[in-house]
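Trainee: Let me see the structure of the following:
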Amino acid sequence: MISSGILDRSSPVPLHVQLTQGLRAAIVEGRLAAGETLPSSRSLAEDLGVARGTVVAAFETLTGEGYLVARPGARTTVAVIPSHPTATVDASSPQVSPRAPVIDLRPGRPGTRGLSDAAWRSAWRRASAFDPAPDVDDEMGLPALREEIARHLARTRGLSVDPSEVIVTAGTSDALLLAALALPMRGPGRFGVENPGYPRVRTVLARAGVEAVPLPVTLDGGLDLDAVEQHRDLDAVVVTPHHHYPLGSRMDATARARLTAWARDTGTVVIEDDYDSEFPHGRAPLPPLRFLDPQGVVLIGSVSKLLSPALRCGWMIASGAAHGRLAAARADLDLPVSGVLQHAIASYLANGSLARHTARRRRDYRHRRRLVLEALQPVTGVELAAVNGGLHAVVLLGGSAADDGRGGSTLSAAAAVGEEDAVVAAIAERGVLVSGLSGYAVPGAPADLPAGVVLGYAEPTTPHLVEALAVVADVLRARRPGQR
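Mentor: Model prediction:
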């Protein structure tokens with residue numbers, strides 16, 4: 001018998017959500033054992049005094065999460081929850097207790113379970129049915145793939161793209177390297193980069209001998225355009241206007257117009273990283289910067305967040321002189337993406353499989369986002385950011401001495417980083433890996449950042465995610481006596 005105490009009819013939380021949360025907790029805590037048979041939805045609804053649809057909704061949610069197993073003609077049973085995966089931890093990662101299994105919540109990885117369905121396997125069978133070409137016929141990429149990428153961007157981003165403007169890449173890093181080697185420079189080469197921002201941008205530019213000039217991004221205001229406009233000698237600027245990485249802010253229409261006007265006036269190429277625009281949560285996606293200035297904006301995209309970064313497939317969209325330079329560099333360096341992969345992705349796009357897969361992932365990630373909010377929003381003294389899109393969240397830590405009123409810290413920068421390191425280490429000690437927010441700042445450059453942790457919620461199984469979020473919440477509550 002499942003206790004009716006699982007429901008609180010005075011709560012504003014819907015009954016089906018309460019039932020889902022209660023059953024999930026019972027499974028995670030072992031009160032409902034693997035293989036145990038649950039009552040039928042009808043009998044459980046009678047026991048709890050709720051509509052049968054309430055129970056059905058809870059069962060369907062938990063079945064989709066992997067906690068329950070439902071088979072036609074048989075009772076619903078509790079699933080066997082797999083053991084924790086073993087994460088690869090490098091020497092720079094926080095020390096993990098050897099007794100603790102590892103759940104990796106470091107950001108940047110999509111969920112890939114269930115990707116290899118019938119449509120995926122069919123795309124690869126068709127791709128492998130071709131005899132390999134004797135040579136690379138077009139260094140810009142397979143024509144069929146470039147056509148499908150153009151159609152994909154028209155459907156998903158409203159862009160009118162000619163396939164001739166598409167350059168196939170091996171992902172974002174390859175695209176940035178190509179830009180660093182190809183775009184015109186007024187000297188040694190200086191690219192503006194967001195601070196904080198995606199660390200790989202800086203490392204790629206450094207390898208190419210291009211200076212990364214930090215441009216401040218604030219929690220409240222996003223990219224500081226006053227600071228940007230002080231620069232008149234940048235060759236390019238790399239931005240994430242749709243969903244800043246990692247803070248989650250986005251540029252409104254006024255800011256977008258201002259940035260592109262400055263770029264035209266100074267002759268600066270804008271490189272727009274459109275890295276997770278397919279996953280807005282509760283807000284309408286904004287159009288790409290490229291709408292405002294197709295000649296001055298180079299758009300970068302990939303299948304890394306849609307499918308997997310391990311596939312190493314993406315694109316650049318460029319026009320005019322920028323396209324000519326990028327195409328020449330691509331031809332010199334040759335195409336690093338295999339023909340079989342290009343055929344497979346083209347087929348997967350052409351028959352609508354990627355669109356269907358994205359819709360499934362969008363529902364899954366929105367649900368996982370709700371789990372993050374349910375676990376961490378009740379914790380006193382922290383604030384969540386970057387939860388309106390994408391696959392990660394930022395937990396801002398209120399300062400131990402005093403709060404600045406927005407979840408930030410009034411501690412010194414060194415003290416904030418020390419507190420952040422302590423929290424990350426305490427979470428790691430209990431078997432969960434997260435990243436420190438300070439790791440996204442440009443070393444040596446001032447950054448107005450509070451202490452915080454960044455966690456990804458897309459890759460772990462749902463049971464492991466719930467367990468890991470409980471650990472994070474426990475550690476955050478323990479930071480100060482009296483916290484909930």
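
Trainee: Every contact and neighbour count from this point should use C-alpha atoms.
Mentor: Noted.

Trainee: Pull the residues that contact the helix or strand hosting Ala154.
Mentor: Using DSSP states H and E, Ala154 falls within helix 143-157. Here helix 143-157 makes contact (C-alpha atoms under 8 Å, 6 or more residues apart in numbering) with 159-164, 166-168, 278, 287-288, 315, 342-343, 345-346, 349-350.

Trainee: Equivalent analysis for stretch 299-315, please.
Mentor: So stretch 299-315 is in contact with 108-112, 115, 149, 166-172, 175, 271-276, 278, 290, 316-318, 337, 341, 358, going by C-alpha under 8 Å, 6+ apart.

Trainee: Give the buried subset of those as a ChimeraX selection command.
Mentor: Selecting only the buried entries of these in ChimeraX, with 16 or more other C-alpha atoms under 10 Å as the criterion:
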select :108,109,110,111,149,166,167,168,169,170,171,172,175,271,272,273,274,275,276,278,290,316,317,318,337,341,358
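
Trainee: In contact with the closest residue to His343 other than its chain neighbours, which residues?
Mentor: Spatial nearest neighbour of His343, excluding adjacent residues (C-alpha to C-alpha, 6 or more residues apart in numbering): Ala127 at 5.0 Å. Residues near Ala127 by C-alpha under 8 Å, 6+ apart: Val340, Leu341, His343, Ala344, Ser347.

Trainee: repeat that with 7 Å
Mentor: Going by C-alpha atoms under 7 Å, 6 or more residues apart in numbering, Ala127 touches Val340, His343, Ala344.

Trainee: Can you tell me which helices and strands the host helix or strand of Asp364 packs against?
Mentor: Asp364 is located in helix 353-376, with elements delineated by DSSP H and E. Applying 3 or more C-alpha pairs under 7 Å, 6 or more residues apart in numbering; DSSP states H and E, we find helix 353-376 packed against helix 462-477.

Trainee: Give me the buried positions along the helix it packs on.
Mentor: Buried, per 16+ other C-alpha under 10 Å, within helix 462-477: 462-469, 471-477.

Trainee: would you put the C-alpha positions of it in CSV?
Mentor: C-alpha atoms of helix 462-477 as CSV (Å, rounded to 0.1, in the frame of the first residue of the first chain):
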residue,chain,number,x,y,z
THR,A,462,17.3,10.9,-14.5
PRO,A,463,17.7,8.9,-11.3
HIS,A,464,21.4,9.8,-11.1
LEU,A,465,20.5,13.5,-11.8
VAL,A,466,17.9,13.5,-8.9
GLU,A,467,20.5,11.9,-6.6
ALA,A,468,23.2,14.3,-7.6
LEU,A,469,21.0,17.4,-7.2
ALA,A,470,20.1,16.2,-3.7
VAL,A,471,23.8,16.1,-2.9
VAL,A,472,24.3,19.6,-4.2
ALA,A,473,21.4,20.9,-2.2
ASP,A,474,22.7,19.2,1.0
VAL,A,475,26.1,20.8,0.6
LEU,A,476,24.6,24.2,-0.2
ARG,A,477,22.4,24.0,2.9
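
Trainee: Just want the angle from it to helix 353-376.
Mentor: Counting by axes from the mean of the first three to the mean of the last three C-alpha atoms, to 10 degrees, helix 462-477 lies at 40 degrees to helix 353-376.

Trainee: Which elements pack onto helix 462-477?
Mentor: Counting contacts by 3+ C-alpha pairs under 7 Å, 6+ apart, helix 462-477 is packed against helix 353-376, helix 413-429.

Trainee: Just tell me which of those ends up closest to Leu384.
Mentor: Closest approach to Leu384 among the helices and strands packed on helix 462-477 is made by helix 353-376 (7.8 Å; C-alpha to C-alpha).

Trainee: Partner strands of the following helix or strand past the closest one and their direction?
Mentor: Sequence order places strand 382-385 as the next helix or strand after helix 353-376, per DSSP H and E. Strand 382-385 has its sheet partners listed here by DSSP bridges as strand 392-397 (antiparallel).

Trainee: Residues in contact with the partner strand: which ones?
Mentor: 107, 247, 381-387, 407-408, 450-457.

Trainee: Repeat the analysis, applying 8 Å as the threshold.
Mentor: 107-108, 246-247, 381-387, 407-409, 420, 437, 450-458.

Trainee: Can you convert the helices and strands packed on helix 462-477 into JSON lines and add a column each for distance to Asp252?
Mentor: Output for these, formatted as JSON lines (distance: least, C-alpha to C-alpha, whole Å):
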{"stretch": "helix 353-376", "distance to Asp252": "23"}
{"stretch": "helix 413-429", "distance to Asp252": "29"}
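
Trainee: Return the member of the ones you listed having the minimum mean pLDDT.
Mentor: Among the helices and strands packed on helix 462-477, helix 413-429 has the lowest mean pLDDT, at a mean of 87.

Trainee: Check which helices and strands it sits against.
Mentor: Under the contact definition 3 or more C-alpha pairs under 8 Å, 6 or more residues apart in numbering; DSSP states H and E, helix 413-429 sits against strand 435-436, strand 452-456, helix 462-477.

Trainee: what about the most centrally placed residue in the chain, distance to Pro110?
Mentor: Against the mean C-alpha coordinate of the chain, by C-alpha atoms, centre = their mean, the closest residue is Leu391 at 3.2 Å. Separation of Leu391 from Pro110 (C-alpha to C-alpha, to the nearest Å) stands at 7 Å.

Trainee: Please enumerate the shared neighbours of these two.
Mentor: What both Leu391 and Pro110 touch, as defined by C-alpha under 8 Å, 6+ apart, is the set Ala458.

Trainee: Next step: the contacts of helix 143-157 restricted to helices.
Mentor: Mapping the contacts of helix 143-157 onto helices (DSSP state H) picks out Gln342, His343, Ile345, Ala346, Leu349, Ala350.

Trainee: Contact partners for the last one?
Mentor: Ala350 is in contact with Glu148, counting by C-alpha under 8 Å, 6+ apart.

Trainee: what about it, distance to Ala118?
Mentor: Taking C-alpha to C-alpha, one finds Ala350 at 15 Å from Ala118.

Trainee: Over to the fourth one?
Mentor: Counting by C-alpha to C-alpha, the gap between Ala346 and Ala118 amounts to 16 Å.
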